[in-house]
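[1] kindly generate the corresponding structure for this input.
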Amino acid sequence: MKKFGLMAAAIVGATAIVIGFRPDARAADSKAEITDIEHKIIDATNTDEAMKYDDPNDIVFFDFVPPLEYKGATAVRGDLDNFFNSAKDVKGKIVALKVVTDGKLGIAYSVQHFTWKDKDGKPQEGTFRVTDAYHKVDGEWKLFHSHVSVPVDPKTGQAQMNLAS
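    You can find the predicted model right below:
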C-alpha cells in the first residue's frame with residue numbers, strides 16, 4: 001500500500017509538472033512578458049531605456065523617417081539619439097496592442113500615440129503603427145526588428161500623423 005501511495009504521488013507530481021510546462025502556458029507567460037516590455041519601451045525617456053530590450057547583435061529598425069532602415073545597434077542608437085535630443089517631454093500611450101507568441105518567437109503590433117515638444121518648445125503629436133518582433137536570447141525576450149509607420153494619403157503623398165481608427 002505504501003508503494004502505491006508513493007507511485008500515485010509521483011504520477012500526480014509528474015502530471016502537474018507537465019501541465020505547468022504546456023506550450024500554451026509558456027506562451028501565456030511570454031505574452032505577458034512581451035506586453036510588459038512594450039509598455040517599458042513606450043515609457044522610455046532616453047535612448048538607453050528605449051534600447052534596453054534590443055538584441056544588440058541582431059537589430060533592424062524601420063523608422064517612419066529616412067533612411068530605409070537602421071541596421072545594427074549603432075545605427076538604431078543614432079536614430080533614437082536624434083529623436084531624444086530634439087524632443088522633450090516625450091509621453092507615449094499604447095492605444096491598442098496585440099501580442100502573439102509561441103514562447104520562442106513573439107510579435108507585438110500596436111497603435112501608439114505620442115506627444116512631445118520640439119527643440120523650440122512647440123507641442124507635437126503623432127499616432128503610429130508599430131510592429132515589434134522578439135526572440136529569446138539566453139532566456140530573455142530581445143527585440144530584433146521594429147517597424148514604425150504612418151498611413152500616407154495617396155492623393156497628396158502626405159503622412160497622416162494623427163488618424164484615429
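[2] distance of the residue minimising distance to the centre of the chain from Val95?
    In the chain, the C-alpha nearest the mean C-alpha coordinate belongs to Glu38, at 4.1 Å (CA atoms, centre = their mean). Relative to Val95, Glu38 is positioned 12 Å away (CB to CB, to the nearest Å). (C-beta placed from N, C-alpha, C; glycine too.)
[3] what residues are shared contacts of those two?
    Ser110 (CB atoms under 8 Å, 6 or more residues apart in numbering).
[4] low-confidence ranges in this protein?
    Scanning the chain for pLDDT under 70 picks out 1-27, 165.
[5] do you have the strands of it handy? List them.
    Assigned by DSSP state E, the chain shows strands spanning 60-62, 70-71, 88-101, 105-117, 123-137, 140-149.
[6] and those as TSV, adding distance to Arg77 and mean neighbour count?
    Formatted as TSV, the strands of the chain follow (distance: least, CB to CB, whole Å; neighbours: other CB atoms under 10 Å):
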stretch	distance to Arg77	mean neighbour count
strand 60-62	10	18
strand 70-71	9	17
strand 88-101	16	15
strand 105-117	19	17
strand 123-137	17	16
strand 140-149	13	18
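[7] so which of those strands gets nearest Asp54?
    Closest approach to Asp54 among the strands of the chain is made by strand 140-149 (4.9 Å; CB to CB).
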